[in-house]
Every structure is written in C-alpha cells, then in structure tokens.
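Sharing a sequence plus its predicted fold:
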Amino acid sequence: ISLFCTAGRYNAAGATCSTNVCTGGPSTGADATADYTSCNAMVSGQVCIPSCMPGSTVSGSFVLKCVGGTYDATGAVCSASACASGPSANADPQATYTACNVLNSGQMCTPTCNTGYTASGSFTLSCTGGNYNAAGATCTANACTSGPSSGSDPQATYTSCNAMVTGQACTPACASGYTASGALALVCTSLTYDASAVRCVPSDCAGG
C-alpha cells in the first residue's frame, strides 16, 4: 500500500488492513489425532477449540488463539482413550479381561479363560474408542471324557460322569450286588474328576 503526501496531507482511503486468517493450520505443536477444522477458519484475535478424533480424549489446554495468521497448538494434546471399563458387549463369564482393561485405543490384548475352560474363537481383542467388543472370545467348558483322575472303584461304572463338562456333577452306577456309599455327586473340574468320595460296597442280604 502506497500513500502520497500532497500539500502537507495524504488520503488513506485506499489503505485497508485486513485481519489475517489462520487457514494454514497450527504453526507448531500439531497433534496427529486432533481435528483443527474449526481453528483453520479463525481470524487474528479469535480463539477455537479443536476436537480429538475417535479413540482419543482431550488433554491439556484446548483453547487456541489465532495470532498473525497462525496459532500454536502445543497446549492441546489428544491422548489415546483407555479401555478400563471392560468389554462393551459379549463378555464371557468364564473369561478374565485383566490384560485388556489396561489397553489404550489401538492396542490389542488376549483375555484368559478360568480354570476348567479353554479358549475358543478369536482371542485377540482390539481397544477402539475407549472400549472393545469381546464377541470373538469364548471360553468353552472342558469335558471330563478321560474318566476319574483318582479314586476309581472297580465295581463302579462312570459312563454318565465321562459325559460331563466343567462344573457339572454326576452319580456313578454300581455293579449288580453292590450299593453306592459316600458322597454320590462327583464334580467335573478341568478335564477330570476325583471319584474317591464314592465307593461301591456289597449289598446287604438282610432280605433273606
């Protein structure tokens, strides 16, 4: 802008100072997970609040000011959201999600199954937006098909017991001429069961 002095005066009608616009984004401190769309429409002197992309949470000073056509975004940080609250859906009651509940968005984990259960399906879960869906991770009850681990009685038949899965109970059958004695319920615990509590003893011939 050029003004000319004429007869001791000058006319400034053609000289206009326009406010600078911060369309170029932050001059420094840009966060890759922040969205500065609202800030890039500012003019000098205005302030804005950027937003964080899905999976990130606001941290620090999130009010930025346009100065001279740009702004410093150093104080505005988007931190990865944590999955501390557990699965958003499809949690398995026999799964433990301790390792998953310390994840941040973008990280992955493998839950564990409780004793007596085995992992089935996709056991790698991903934290997204501060949460994760546990639909692919299933803990299936182990079957006690191999018979008693100890305490088997030669006069007992364990057919019904060998069809059990973890947590179920059964009553073995005694051979003809023998009667069950003791605790009549055996419980399947992680692939097997202890039959020591049930004995088959000779039946009483009190009937003559």
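Noted; the coordinates are in hand.

what about the residue nearest to residue 112 when sequence neighbours are not counted, neighbour count?
Using Cβ to Cβ, 6 or more residues apart in numbering and skipping residues adjacent in sequence, the residue nearest residue 112 is residue 96, 4.9 Å away. (C-beta placed from N, C-alpha, C; glycine too.) By the other Cβ atoms under 10 Å criterion, the neighbourhood of residue 96 contains 13 residues.

Surely residue 96 touches residue 110?
No: applying Cβ atoms under 8 Å, one finds residue 96 not in contact with residue 110, separated by 10.7 Å.

Convert the C-alpha atoms of stretch 13-27 to CSV, please.
As requested, C-alpha coordinates have been extracted for stretch 13-27 and formatted as CSV (Å, rounded to 0.1, in the frame of the first residue of the first chain):
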residue,chain,number,x,y,z
ALA,A,13,-8.9,5.9,1.7
GLY,A,14,-7.2,3.2,-0.4
ALA,A,15,-5.3,1.7,2.6
THR,A,16,-7.1,-1.2,4.4
CYS,A,17,-5.7,-3.6,6.9
SER,A,18,-7.4,-7.0,6.6
THR,A,19,-7.4,-9.4,9.5
ASN,A,20,-5.2,-12.4,8.9
VAL,A,21,-6.9,-15.8,8.6
CYS,A,22,-5.4,-18.9,10.2
THR,A,23,-6.2,-21.2,7.3
GLY,A,24,-2.7,-22.8,7.2
GLY,A,25,-3.2,-24.8,10.4
PRO,A,26,-1.0,-24.7,13.5
SER,A,27,2.5,-23.2,13.3
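
Show residues contacting it.
If you take Cβ atoms under 8 Å, 6 or more residues apart in numbering as the criterion, stretch 13-27 is touched by 1, 3, 36, 39-45, 64, 66, 68-73.

could you give the mean pLDDT of it?
Averaging pLDDT along stretch 13-27 gives 79.

Now do the contacts for the residue sitting nearest the centre point of the chain.
Nearest residue to the geometric centre of the chain (Cα atoms, centre = their mean): residue 132, 3.9 Å. Contacts were defined as Cβ under 8 Å, 6+ apart; by that measure residue 132 touches 83, 87-88, 100, 103, 109, 125-126.

can you rerun that using 7 Å?
If a contact means Cβ atoms under 7 Å, 6 or more residues apart in numbering, then residue 132 has 83, 87-88, 100, 125-126 as its contacts.

Can you pull out the low-pLDDT segments for the chain?
Flagging of the chain using pLDDT under 70 yields the residue ranges 1-3, 14, 206-208.

And the buried ones among the contacts of residue 132, selectable in PyMOL?
Taking 16 or more other Cβ atoms under 10 Å as the burial criterion, the selection of buried members of those in PyMOL is written as:
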select buried, resi 83+87+100+125
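
What is the nearest of the contacts of residue 132 to residue 177?
Using Cβ to Cβ, residue 87 comes nearest to residue 177 of the contacts of residue 132, at 54.8 Å.

Please verify my assumption that that closest one contacts residue 130.
No: with the criterion set as Cβ atoms under 7 Å, residue 87 and residue 130 do not qualify as a contacting pair; they are 11.8 Å apart.
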